[in-house]
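> whatever this is, show me its structure:
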Amino acid sequence: MSRAEALACALLPPRRVGKAVRRAERTPLLGTLRYQLFTAVAGTLAFAHQSNAKIAVFIIHEFVTDCTRDEDHKANTFDLDAFVCRLSDGAIRELRTGEIVGPFPVAENSYWPSKPALYIGKAAKNIRDTRARPKVVRTA
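Residues are numbered from 1 along each chain as shown. Prediction:
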């Protein structure tokens with residue numbers, strides 16, 4: 001079993017799929033979820049265990065700047081929502097900015113032998129320069 005599969009088994013409930021499950025209630029395929037979210041949440045849980053914390057909070061902080069593209073922000077939002085949807089067994093389909101959701105049930109395992117309550121949140125900071133910029137006009 002690969003490290004990604006082991007993390008998935010440690011974190012996620014089984015996928016909701018099949019003829020008895022309506023399409024709107026199905027949860028995302030494992031292969032569509034971002035590995036970086038697995039490792040970040042696993043690190044959060046491992047740190048909570050090492051700190052003897054009863055609660056683990058994983059926060060995504062998004063920065064909107066002149067160097068970022070709206071298409072990338074949309075893709076990242078989609079990926080985070082898919083991860084939270086699968087982690088919550090389909091109960092949470094969207095994680096809005098400024099929101100913290102949970103607790104998510106996480107089983108004890110070799111990565112984190114205790115069971116801290118897991119919460120996930122999203123914050124955003126828009127520092128994009130919205131002032132009108134002069135148009136560059138080329139001549140010749």
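> start and end of stretch 99-118, how far apart?
Start-to-end span of stretch 99-118 (CA to CA, to the nearest Å) is 14 Å.
> run through who's touching that stretch.
Here stretch 99-118 makes contact (CB atoms under 8 Å, 6 or more residues apart in numbering) with 7, 10-11, 41-42, 44-46, 48-49, 52-59, 84, 87-88, 92, 95, 119-122. (C-beta placed from N, C-alpha, C; glycine too.)
> buried subset of the residues you listed, written for ChimeraX?
Under the burial definition 16 or more other CB atoms under 10 Å, those of the contacts of stretch 99-118 that qualify are selected in ChimeraX by:
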select :7,10,11,41,42,44,45,48,49,56,57,58,84,87,88,92,95,119,120,121,122
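> next step: the contacts of stretch 99-118 restricted to strands.
Cross-referencing these against strands under DSSP state E gives Ile55, Ala56, Val57, Phe58, Ile59, Tyr119, Ile120, Gly121, Lys122.
> over to the residue nearest the centre of the chain. Which of the three states is it?
Centroid-nearest residue in the chain: Leu80, 3.6 Å away (criterion: CA atoms, centre = their mean). Going by DSSP: H, G, I helix; E, B strand; the rest coil, the secondary structure assigned to Leu80 is helix.
> one step back: ok, so of the ones in strands among the contacts of stretch 99-118, who is nearest Ser2?
Ser2 lies nearest to Phe58 out of these, by CB to CB, at 22.0 Å.
> what separates the closest one from Arg128, distance-wise?
25 Å (CB to CB, to the nearest Å).
> with Glu62 instead?
Glu62 is 12 Å from Arg128, where distance means CB to CB.
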